[in-house]
Every structure is written in C-alpha cells, then in structure tokens.
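# my questions are about this predicted structure, shown below with the sequence.
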Amino acid sequence: MNNIFEQFLYYIKKLVPARIFKLLSPFYHYLFSFLGAIFYRFPSRKLFVIGVTGTKGKTTTVEVINAILEGAGHTTAIASTLRFKIGNKSYRNLFKMTMPGRTVLQKLMREAVKNKCTHMILEMTSEGTKQFRHKFIYLDALVFTNLSPEHIESHGSYEHYRNAKLKIAKSLEQSPKKRRFMIANIDDTEAEKFLSISVEKKATFGLNDIKELSMGGGRSSFRWRGVQIQSHLAGEFNIYNLLAGMTLAEAIGIDKKIIQKTIKTLRGVRGRMERVIAEDSNGNEFEEFEVIVDYAHTADSLLKVYESLEPRKKICVLGGTGGGRDRWKRSLMGAIAATHCAEIILTNEDPYDEDPYQIINDIHIGIEKKNKTTQKEGGKVPELKIILDRKEAIETAIHSAKKNYVVIITGKGTDPFIMGPHGTKTPWDDVAVAKSALHKYIS
C-alpha cells in the first residue's frame, strides 16, 4: 500500500504548485491517515492501545509498561523511537522519527492483531499530531510524562507545542473504547490540562507516591503502594518513568506483586543511560571508568543526566541540537555542560542543511558565558575541545578518561543515522562506536 501512496503523492506534487500543495498538506496527511485505517481495517479496535506522550521519558516508559504487561502474561506490540515489536519479534526503528506516517502505524497494528497481540504501546508526539498520525488510532489509555519547551521552531511557540500534545489527550476523550484511562504526572505544571478531559478513569503519579527512596550504583529502591520496588533504572527522571508505567499498570488491574517482580528484572533501556560494557583479553569486565550513552537532547534532560552522575568527574561529548531546529536551547545546553563537566567535547550530531560549526558556535556561546561567571568566582572551568568527527570525538573522550571518571555521550542514543545536508544519511550507533573505542583503550 505504501508504494501506491508514494506514486499518488509523486503525481500530486508534480501537478500541484508548491505553494498550493503546502496549503493542502493538512488535508493530504489527514487523507493518508484515513485511507491507511480503512486499508488495514481499523486494527486499533482489536487492541488495548496505550499511548505515551510528553517531552521526556517516553521511550523508557514504553519499555516499563511493556515489561509489566509481559510479566502479567500479555502479548504486546510496541512502536517507539527505539524499536518496533510484535510479540517476540523486535527490530530497530530506522525511520528517524518516533511516529512514522504513510500508514506504517496502521500496518504495524494490523500485524499485531494477526499475531494475537493483546496490547499495543505507542509513543505519541507533537510532530505526529501536526500530520494527523494520531487520527484513527483508538486509544484505551494515555500516559502523560511531562512537558518542557521543545520543537519551538516547528510549532511556533510553546503554547502551540503544548496544544499539539493536548490533541492526543483529546483523541483519548473521543475514542470509542468503553473504558478509557488517563494517567498523568501530577508534579508537572501541565498535568491538570491533561486530566481535564472526560474519561472513565484518571490516575496520577508523582514523587509523593514513594517512600524510602535510595539510589546508587546504577540502581534505585523505594516503597510504593506498600511494596518494595527495586530497579536497575537510576536517577530521578527514571523514578518518574517507573511510576508512570506502574501507575498505568495498577489502573488497568495488574497486581502489585507482578509489577514488583517485573520491575526488578527489567534491565536498562538501549540508548537511555546505557552503560557501554567491554571486556579485556581475560574476559574481565572493564571497570576503571564508565562510558554511558544517553539520548538527552533537551537542556532539562541533559541537566538531569549530569546531576544523576554527581559528584563524579565527567567528560561530556555533546552536539547540541539537530540543524534548523531549537536553536534557542543550544546556549543553555552549553552552560549546563560548563557547570557539570570536567571536559567538554563538542561534536557533530544531526546538522541536516545547517553549518555544523554554527551549531557548535551556538553551544560555545553558552559555555563561554558560564565560564566567565565561574572564573569571576574563582572556580575551575572545563577543558574544551571541538572535534567535528563524532567517531573521533568519542574516541578522544574515552582515551582522555582517568580512573573513576565517567564519559557521557549524549544527543543520539539509538539514533541509526547522522543526518547531513540534502537528505544524506550516515549509518550510526553511539554504543557500537564507544564500545570499539573502549576495546582499543583496553588493548
């Protein structure tokens, strides 16, 4: 079906002037969503569909929910930034977008139905709503993780970005499903807007839900609803992700003992505070210093990642943001790095058609501004290197590390490509590159 739609689009674009096509594009995207749902026979009607939306934590929350559902004996499907999964089969999301269009999601849900999946867990984005990709996906539940400024150039303002997210909540309200669930992070200032929709069941989560919190050694432990929760996910941001998934599971009737057991066995999520593991020639795990890869690509997520690794000395590899977007946050990210890192290596991320040196310069402005303040206060400023080649930047960071340091590589996580000018794609994997560099270091 995708080939038919591609041919249809090709001829439409040839026949219609670009200015007119832009005006008609909302209708075009809506039409694609509608035709896709018809072609695949509205598969979301046959599944318990759980949407996860917010600025940060969506992918990890999806994995938490999936682990609990599987622990409860359900057969699940996933569509996330990280991967697509149907039952026991899983493969990387290579679309470079969280919510792919052109009927991909409808096809995936139909395959889930065919393979007797009971639950479908979807990451749902503001960019997806702009192109009506959330339409004709009938939700049973929605989890709201948090909201902070993101995609401002694309949406025009934070308010428009927030409203795009709220359209997903409205789609839950309009869903024909008989019992609908809204789960929201009550510690977020926007929670009430999501909770204002009319659905049968609403539940909230927040740090007040837990007691006896302890974190250390890459793990966390706390009491929740009278049970002790132990997890391999550490950091306050991951506590929220755990609470989001557990609260949803509790709301739909999964026993707390099952939740407790599955959270304990859930290992880390790829590209999210992922520890890069390498062994020496004797098969011993290298432990002189740590190398961590994380998707953090907003100022707030970068800050939380760095804070979770305090007070250790950090060598930070970062690239700011993708070209042509969210330029406003680059200097903020630079200032955060200058505050928390012993050494900063600025490198390429996804420049698209923007000059990568311009992106780096925007981050550098924030670093320099923070450094001036630090110097006035008599503090030590971080060492700064600019290495455009991301592979070389990662190798340099690892070879610069000392005992008990942590090398933190942010911005891409599991992103499969570095996006260059004119639509070029360079296959990429931060973890694979870091692991190779670590093996070289060991040998």
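Yep, that arrived. Numbering: from 1, shown residues only.
# now Lys89, which residues is it bridged with?
Counting by DSSP bridges, Lys89 is bridged to Ile86.
# stretch 426-434: which residues count as buried?
Using 16 or more other Cβ atoms under 10 Å as the test for burial, stretch 426-434 gives 428-431, 433-434. Every residue, glycine included, has its C-beta placed from N, CA and C.
# so how far is Arg133 from Ile197?
20 Å (Cβ to Cβ, to the nearest Å).
# tell me which stretches of the stretch 1-150 of the chain form helices.
With DSSP state H, counting those that start in this stretch as the criterion, the stretch 1-150 of the chain has helices at 2-15, 18-39, 58-71, 104-114, 126-130.
# the ones you listed: which one's closest to Lys264?
Set against Lys264 and scored by Cβ to Cβ, the helices of the stretch 1-150 of the chain come closest in helix 58-71, at 9.9 Å.
# tell me what the closest one is packed against?
strand 48-53, strand 76-79, strand 119-123, helix 236-251, helix 256-265 (3 or more Cβ pairs under 8 Å, 6 or more residues apart in numbering; DSSP states H and E).
# list the contacts for the closest residue in space to Thr298 that isn't next to it in sequence?
Spatially, and ignoring its direct neighbours in sequence, Thr298 is nearest to Glu150 (5.8 Å; Cβ to Cβ, 6 or more residues apart in numbering). For Glu150, the contact set (Cβ atoms under 8 Å, 6 or more residues apart in numbering) comprises 55, 126, 161, 298, 326.
# mind listing what the second one touches?
Shown here is Ser126, whose contacts under the criterion Cβ under 8 Å, 6+ apart are 150-151, 155, 161, 164-165.
# for the first one, same thing?
Listed by Cβ under 8 Å, 6+ apart, the contact set of Thr55 reads 145-148, 150, 298, 300.
# for the stretch 151-300 of the chain, what are the low-confidence residue spans?
Along the stretch 151-300 of the chain, segments meeting pLDDT under 70 span 151-154.
# for it, just list every one of the strands.
181-185, 201-205, 210-216, 219-224, 227-231, 274-275, 290-294 (DSSP state E, counting those that start in this stretch).
# one step back: more crowded one of Ile197 and Arg133?
Arg133 (27 against 18; other Cβ atoms under 10 Å).
# roughly how far does that one sit from Ser126?
Distance check for Arg133 against Ser126: by Cβ to Cβ, it reads 11 Å.
# repeat that for Pro416.
From Pro416 to Ser126 the distance is 22 Å (Cβ to Cβ).
# quick one, what contacts the spatially most central residue of the chain?
Centrality entry for the chain: nearest residue to the mean C-alpha point is Thr59, 4.7 Å, by Cα atoms, centre = their mean. Applying Cβ under 8 Å, 6+ apart to Thr59 gives the contacts 80-82, 123, 269, 271-272, 295.
# try Lys261
Gly71.
# one more: the one 5 residues further on?
Contacts for Leu266 were tallied using Cβ under 8 Å, 6+ apart; they are 63-64, 67, 231-233.
# at 7 Å instead, please
64, 67, 231-232 (Cβ atoms under 7 Å, 6 or more residues apart in numbering).
# same deal with Arg219?
Taking Cβ under 7 Å, 6+ apart, one finds 231-232, 234 in contact with Arg219.
# 8 Å instead?
230-232, 234.
# of these, just the buried ones, PyMOL syntax please.
Filtering the contacts of Arg219 down to the buried ones (16+ other Cβ under 10 Å) takes a single PyMOL command:
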select buried, resi 231+232+234
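# any idea how far the residue lying closest to Trp224 once chain neighbours are set aside lies from Met246?
Ranked by Cβ to Cβ, 6+ apart and with sequence neighbours excluded, the top spatial neighbour of Trp224 is Ile210, at 5.2 Å. In this view, Ile210 and Met246 are 10 Å apart by Cβ to Cβ.
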